[in-house]
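Asker: Make a model of this:
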Amino acid sequence: MPRTKHAHYRELAAQLRALLDNERDPIANAANTAALIFHELPDVNWAGFYFLHDDELVLGPFQGMPACVRIPVGNGVCGTAVAQRRTILVEDVHDFPGHIACDAASRSELVIPLLADGRMIGVIDLDSPSRARFDAEDQAGVEALAAIYLAASAARAHRT
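Answerer: Modelled structure (predicted):
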């Protein structure tokens, strides 16, 4: 019997907790988190982090094609998620005003803000070549993974 999406995210959460156990470095943890997500979620062509530095997001660890290095807050899906301090799920990036196309193959996107003690430190960004790849279950699952990343990295979280 195939596992449900919810069960898959529960397994991913357990794997991520084990992977990040006893490691506090936020860059090392971001690298392993991005790799786990990229390799374990089907139909994802980019998974990674952008970290907030002053008024722009700067590319962090990722898996996938080369990406835009700097994104101003308020621009694109990632910059909008930071400006609005909320998760943004986009079924078709071509319908998102101001979308920044780093990879022309990407069609849908899910961006989770990373808030540590109320401070915005960046985002986790996922892209897919399929329209409407992400749904509310994906959002909840990746938000749970983001919380695990933040908890593991809290001791040395990025400071701007």
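
Asker: before we move on, which element is Ala31 in?
Answerer: helix 26-40 (DSSP states H and E).

Asker: next structured bit after that helix?
Answerer: Next along the chain from helix 26-40, counting by DSSP H and E, comes strand 46-53.

Asker: So what's the gap between that following strand and the chain middle?
Answerer: Taking Cα atoms, centre = their mean, to the nearest Å, the mean C-alpha location of strand 46-53 is offset from the chain mean by 7 Å.

Asker: Direction included, what does it pair up with?
Answerer: In the sheet, strand 46-53 lines up against strand 56-64 (antiparallel), strand 119-128 (antiparallel) (DSSP bridges).

Asker: now the following helix or strand past the first one, how far from the centre of its chain.
Answerer: Which is strand 56-64. Counting by DSSP H and E, the next helix or strand C-terminal to strand 56-64 is strand 70-72. Remark: strand 70-72 is offset 15 Å from the chain centroid, using Cα atoms, centre = their mean.

Asker: Could you look up the next helix or strand downstream of strand 70-72?
Answerer: helix 76-84.

Asker: Just list what that next one packs against, helices and strands only.
Answerer: In terms of contact count using 3 or more Cβ pairs under 8 Å, 6 or more residues apart in numbering; DSSP states H and E, helix 76-84 is assigned the packing partners strand 56-64, strand 70-72, strand 88-90, strand 108-116, strand 119-128. Where C-beta positions appear, they are placed from N, C-alpha and C, glycine not excepted.
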